[in-house]
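In: structure, please.
(chains A and B)
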Amino acid sequence: MNKSKKQLLAGPYLIWIIGFILLPLLMIVYYAFTESDGSFTLENITAITSHANFSALLLSLELGVLCTVICLVLAYPLAMILNGMQIKNQSFVVFIFMLPMWMNFMLRLMAWKQLLAKNGVLNVFLSTLGLPNLSIMNTTMAVVLGMVYDFLPFMILPIYNSMGRIRKDWIEAAKDLGANNITIFIKIILPLTLSGVISGIVMVFVPSLTSFAISQILGGGKVLLIGNVIEQDFIHGSQWHAGSGLSIVLMIFVLISMALTGLFGKDEEGGTALW
Amino acid sequence: MVKKHASRLYLGLIFLFLYLPIIVLIVLSFNNSRSRVNWGGFTLEWYRKCFESQSIMSAFATTLQITLLAAVISTIIGTLAAIGISAMKRKSQTFYLGATNIPLLNADIVTGISMMLLFVKFMDLGFVTVLIAHITFNIPYVILNVLPKLKQTNPYTYEAALDLGASPLYAFFKVTWPEISSGVFSGFLMAVTMSLDDFSITYFTRGAGVNTLSTMLYAELKKGVKPELYALSTILFFTVLLLLIAANLHPEKTIAVPVKDEKAAKKAHTTYLCRRVASISIVAILLLGTTGVFLSSQHTKGGVRSITVLNYGKYYDEDKLAQFTEETGILVNYEEYEDPEEMYTKYKTGAIDYDVICTSDYIIEKLVSEDELLPMDYASIPNYAGIDPDIIDISASFDPDHCYTVPYFYGTLGILYNTNLVDAADVESWDVLWNGKYANDMIMIASVRDCFTPALRTLGYSINETDPEKLDEALNILLKQSPDVSAFFESETCDEMAAENYALALCYSGEAASAMDLNENLAYSVPIEGSNFWIDSWFIPQTCQDIDAVYEFLNYTCRDDVAMANFEYVYYASPVISVDENMDEELKENESLYRAVHPTEADVANCEVYRLLDDEMTELYNDLWARLKAN
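Out: Below is the predicted model of the structure:
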């Protein structure tokens, strides 16, 4: 089989790209820039500046950043500890920390709903200890907690993987040359794990920016993210043109956030480094 | 030493954070009490219910089918594509890789919506659309796993094989395949993982009656939590645990964690790979087999006729639906929605051909005005004779000639409150919602008209008010109240009130009655300023495919025993006269409960029925709602 014949193998995928990747994008662009009678408009895009939509977008960005930072702060030390463990079954321990990821994410949300409710498990536990009750259900705090819980593994994995690629002799060499732990961390570990950190940030920030189910279930309908507004437009309001406009805006924000993270480090392995 | 302990402690804390919720679910799954906090003894009851539940089992089967089909198809297309791409010139490679990145990087919600827009234009939403969507977001993962492996292979080995007379296919399987198989395999497993956990994309591309676990659970969670779901969580958790332990039994590093030392691992790799591929394919075949059996059993059970029913969530006894299929041989594709506007959108999209729909008064009025309904032949529904004529009279407000609808349930909008926390005198008036006495302890309904009703009635206006100034006044009341509101719920109210998480809730009568049935500290009141009286009715839309089957369904639904079963399932007032006659005496004697399951004459007289708002008013209400929610 020569090269040109080999290329034909990508044929089914080409059809798939055109039919199910590019065409849907065209559809959403078409809806975003037209009114229901088909005439051209920019109104669906500029609708983002209205008070309701803009505050939803701001809140999404705020919670997305908060969630990403918390995940990073929790995951980095964890990845370091896991990587440094001197035991046989290291990969098994890593799996223990990844396992919740394989449980359906709705079930994980359900668990938090049970834990955080006013008469929920956590408060009953706190009461028996004589501690004051926690009332964060239906607040942005509950939503952030849910996001962190759901997306934490996506931060742990890439960082852990990038740490695995640091060879022990480099660190020993640095030690021989008189570097202390802090210098080793700043000069060797941090730069070499940067690509993992970047992947982790993208993998946590994008879903938390665009999520709507978590805020719906843990926010009691009071936490309105941009994803909720879009869902509302499509499912409850039959305002597809407005919803498409907001989706385009959301896409732009996702692209901007990736460009920004891209500035800080080049991701050599492309998408595979995500895992 | 200190450092070691500190890191152990840190691991322990994160472990607790990750597993505490799961442990709680596991413990609750054995709890013989609906309560979340009291231990009522050990039971396996929820496991039995979980396996008996048609919706859980069919969602489970659908999830497996979609996951396996999508993973297999995307692995084939993706692997072929990767081989093709690797043989391409740089320019075409850039195009392909760019397109591959789109579903990877794009937000799930945008991918889902864009595909929905496409599907709605060209085909009916259903199993196939979900499958296509899953394949689309799976292929990139396969390509990105296979491509690096292909780059590592030495192209001359393959050519040497050809030179030595091997056919291209033989050379591929003897030379290339062993080198890339691990990449193909991890691509496949990643596709499985992504498919299993997907929610957003499935949510937007699914059709009537097609639910994966994620979308089924999302709908269920909005209705409150059933203990069966704890059992489901436990089963899933241990299945996953066992599978992963099995996958970890051999020393080779597993899928998600790339092999650290490629060369050393490679040797061990090939030998284990065969075993692993074999074992996984056995699992796959088994799963496909079981789901295949499930599918065929459904076909033989159902026969050819089927109807697609659209109804409110939690509004028809599942067992009675199954019984209908048993009695008539007509399969029911049952689809639910939460609020009337959602139903209107679902119907108007035209993506699914519904045969019969149940919804509220003013939406029916809207559809009548748009000429979307088929007239009913009441002679084909003998049991229609058992319907209360008074209710038929009232439904003239939205079906003037009474030729389009069959009433299903009716009720009022009022306040459900906890008698231990709320003074009964307080809930005689809507003021209780605005005076701040129960701040952060009350629930409103996530629906624009139901939220405006108390505000409008407090001001002495009609619930069908169209004067923008008066509506603004009402909005101000609601805006002032908004910081005091704990949550805007759709159908979780019953569950949350029964768990005593809140003091009072704006609530429909039947939902209130269901909660009162679970917790005797609850009571229901319709404030004196008046409220909304509503009737939900069945109608036949223009999209109906099999009108005779629909008549059979409606006749079945109006039958005394079925009406009674549905009444006991939802606790709304049934227009079927015999239901009220045969009701439990105990229920009738409980004044507060009876007021909720059967509106008093005084309440009915004091309430209004929602009327249709024109498009301009609908837009105004939507705008007011957005302003309220953005606060």
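
In: for the stretch 51-200 of chain B, give the residue positioned nearest to chain A.
Out: The minimum distance from the stretch 51-200 of chain B to chain A, using CB to the nearest CB, falls at B:Gly84 (2.8 Å). Yep, even glycine has a C-beta here, placed from its N, CA and C like the rest.

In: what's the answer for the stretch 201-350 of chain B, then?
Out: Per CB to the nearest CB, B:Leu217 is where the stretch 201-350 of chain B lies closest to chain A, at 3.6 Å.

In: who touches that residue in this structure?
Out: Going by CB atoms under 8 Å, 6 or more residues apart in numbering or on different chains, B:Leu217 touches A:104, A:106-107, A:110, B:59, B:229.

In: now the host helix or strand of it: mean pLDDT?
Out: Assigning secondary structure by DSSP states H and E places B:Leu217 in helix B:213-222. Taken as a whole, helix B:213-222 has a mean pLDDT of 91.

In: residues contacting the next helix or strand after it, please?
Out: Moving toward the C-terminus from helix B:213-222, the next helix or strand (DSSP H and E) is helix B:227-248. For helix B:227-248, contacts defined as CB under 8 Å, 6+ apart pick out A:89, A:91-92, A:95, A:99, A:102-104, A:107, A:110-111, B:22, B:25-26, B:28-29, B:31, B:34, B:46-47, B:49-50, B:53, B:56, B:217, B:220, B:254-255, B:276, B:279.

In: what is the neighbour count of A:Lys6?
Out: A:Lys6: 18 surrounding residues under other CB atoms under 10 Å in any protein chain shown.

In: thinking again about what came up before, so which of the contacts of B:Leu217 are in helices?
Out: Those of the contacts of B:Leu217 mapping onto helices are A:106-107, A:110, B:59, B:229, per DSSP state H.

In: tell me how far the residue of the stretch 201-350 of chain B closest to chain A lies from B:Phe488.
Out: In this view, B:Leu217 and B:Phe488 are 20 Å apart by CB to CB, to the nearest Å.

In: by mean pLDDT, flag the weakest helix or strand of chain B.
Out: When the helices and strands of chain B are scored by mean pLDDT, DSSP states H and E, helix B:262-302 comes last with a mean of 54.

In: next secondary structure after it?
Out: With elements assigned by DSSP H and E, the helix or strand that comes after helix B:262-302 is strand B:306-312.

In: just the CA atoms of that following strand, as PDB, please.
Out: Below are the C-alpha coordinates for strand B:306-312, written out as PDB (Å, rounded to 0.1, in the frame of the first residue of the first chain):
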ATOM      1  CA  SER B 306     -45.900   2.200  19.900                       C
ATOM      2  CA  ILE B 307     -46.900   5.700  21.000                       C
ATOM      3  CA  THR B 308     -44.700   8.600  22.200                       C
ATOM      4  CA  VAL B 309     -46.100  10.200  25.300                       C
ATOM      5  CA  LEU B 310     -44.900  13.500  26.700                       C
ATOM      6  CA  ASN B 311     -45.800  14.300  30.300                       C
ATOM      7  CA  TYR B 312     -44.700  16.200  33.400                       C
END
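
In: how about that strand: buried residues?
Out: Buried positions in strand B:306-312, judged by neighbour count with 16 or more other CB atoms under 10 Å in any protein chain shown: B:306-312.

In: show me what contacts the residue nearest the centre of chain A?
Out: Geometric centre of chain A, nearest residue: A:Val204, 2.2 Å, by CA atoms, centre = their mean. Applying CB under 8 Å, 6+ apart, we find A:Val204 in contact with A:67-68, A:71-72, A:151-152, A:154-155.

In: for it, what is the enclosing helix or strand?
Out: Using DSSP H and E, A:Val204 maps to helix A:190-210.

In: centre of the chain to the helix or strand just after that helix, how far?
Out: Later in the chain than helix A:190-210, the nearest helix or strand by DSSP H and E is helix A:213-218. Centroid separation for helix A:213-218 versus its chain: 15 Å, with CA atoms, centre = their mean, to the nearest Å.

In: does chain B have contacts with helix A:213-218?
Out: Yes: legend: contact between helix A:213-218 and chain B by CB under 8 Å from any CB of the partner chain is shown at A:213, A:216-217.

In: tabulate the CA atom coordinates of that helix in PDB.
Out: Once non-C-alpha atoms are left out, helix A:213-218 reads as follows in PDB (Å, rounded to 0.1, in the frame of the first residue of the first chain):
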ATOM      1  CA  ALA A 213     -25.700  20.900  35.700                       C
ATOM      2  CA  ILE A 214     -23.600  21.500  38.800                       C
ATOM      3  CA  SER A 215     -25.000  24.900  39.500                       C
ATOM      4  CA  GLN A 216     -28.500  23.700  38.800                       C
ATOM      5  CA  ILE A 217     -28.300  20.900  41.300                       C
ATOM      6  CA  LEU A 218     -26.200  22.400  44.100                       C
END
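
In: after it comes which helix or strand?
Out: Moving toward the C-terminus from helix A:213-218, the next helix or strand (DSSP H and E) is helix A:226-231.

In: can you classify the closest residue to B:Lys366 other than its chain neighbours as helix, strand or coil?
Out: The spatially closest residue to B:Lys366, leaving aside those adjacent along the chain, is B:Leu612, at 5.1 Å (CB to CB, 6 or more residues apart in numbering or on different chains). Following DSSP: H, G, I helix; E, B strand; the rest coil, B:Leu612 is assigned to coil.

In: remind me which helix or strand A:Ser257 belongs to.
Out: A:Ser257 belongs to helix A:240-264, assigned by DSSP H and E.

In: by how many degrees do that helix and helix A:190-210 diverge?
Out: Counting by axes from the mean of the first three to the mean of the last three CA atoms, to 10 degrees, helix A:240-264 lies at 170 degrees to helix A:190-210.

In: per-residue confidence for B:Leu593?
Out: So, for B:Leu593, pLDDT stands at 89.

In: quick check: buried residues in the helix holding A:Val204?
Out: A:193-210.

In: ok, now which ones touch the spatially most central residue of chain B?
Out: Residue closest to the average C-alpha location in chain B (CA atoms, centre = their mean): B:Ala219, at 2.6 Å. By CB under 8 Å, 6+ apart, the contact list for B:Ala219 reads B:211, B:313, B:336.

In: how about low-confidence regions in the chain?
Out: Just so you know, I chose chain A. The model of chain A has pLDDT under 70 over residues A:1-2, A:87-89, A:264-275.

In: you looked at the wrong chain, it should be chain B
Out: Along chain B, the parts satisfying pLDDT under 70 run over B:1, B:247-303.

In: okay, domains of it per the record?
Out: Domain segmentation of chain B under automatic domain parsing yields B:52-298, B:306-407+B:542-563, B:410-535+B:584-630.
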